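>>> no sequence on this one, just coordinates:
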């Protein structure tokens, strides 16, 4: 079946560091891919998405590119802030939404 | 963006009792809502899909008699955990699909602890 694998956390970075959170997927069809973010005490929010191969989703300085050849959708940000501390979920949608396990990001001043 | 609210955010109950969790779309109508369960360090697992006015569709392995889902209106879905046991302790999250764009909006989650 369809599945999503993302790197285990926590990922601990200093402010202004470069961020990469790896995500790979397995799907029988051509899914849409998403990154969701969950800030402390809040619900899940859509961060960005890509619906087809080579699409790049971007929002709030975060980017992810749909790579069909490597079945990946890695999340990147050039310079993280303390306010980016949250749990990030990679997900795919093909008939239903399937989530990865989530990666906690901790950014210190 | 659209707001989805869950209540209660935390609930503690005794083994054998039933607990109801509400999921409301506050500023839009949602013909479809989804219920997820999240275990520690695990991904969100889809439990069931609920469509307004019809029976919920449960995922394989989810006991429909234990996890009762009702979607009586376009803004409210409820999940009732019946005869709760400690192994039902978990974080339950709902999401609602905005009919206009198909985008999913998530509630804050409800943490259930069964003693």
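Perfect, I can see it now. The structure displayed is predicted, hence computed values, not measured ones.

>>> Report the contact partners of residue 49.
This is for chain A. A:32-35, A:57 (C-beta atoms under 8 Å, 6 or more residues apart in numbering or on different chains). In this view, the C-beta of every residue, glycine as well, is placed from N, C-alpha and C.

>>> that answer is for a different chain, and I need it for chain B
Taking C-beta under 8 Å, 6+ apart, one finds A:96, B:32-34, B:56-57 in contact with residue B:49.

>>> List only those of those flagged as buried.
Among the contacts of residue B:49, those scoring as buried are B:32-34, B:56 (criterion: 16 or more other C-beta atoms under 10 Å in any protein chain shown).

>>> Would you mind checking which of these is nearest to residue B:3?
residue B:33 (13.7 Å; C-beta to C-beta).

>>> Retrieve the pLDDT associated with the closest one.
Among the per-residue scores, residue B:33 shows a pLDDT of 92.

>>> residues contacting it?
B:23, B:25, B:49-50, B:71, B:77, B:94-97.

>>> Of these, which belong to strands?
B:23, B:25, B:49-50, B:71, B:77, B:94-97 (DSSP state E).

>>> Adding pLDDT, write those out as CSV.
Below are the ones in strands among the contacts of residue B:33 laid out as CSV (pLDDT from 0 to 100):
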residue, pLDDT
B:23, 95
B:25, 93
B:49, 92
B:50, 91
B:71, 89
B:77, 94
B:94, 94
B:95, 92
B:96, 92
B:97, 87
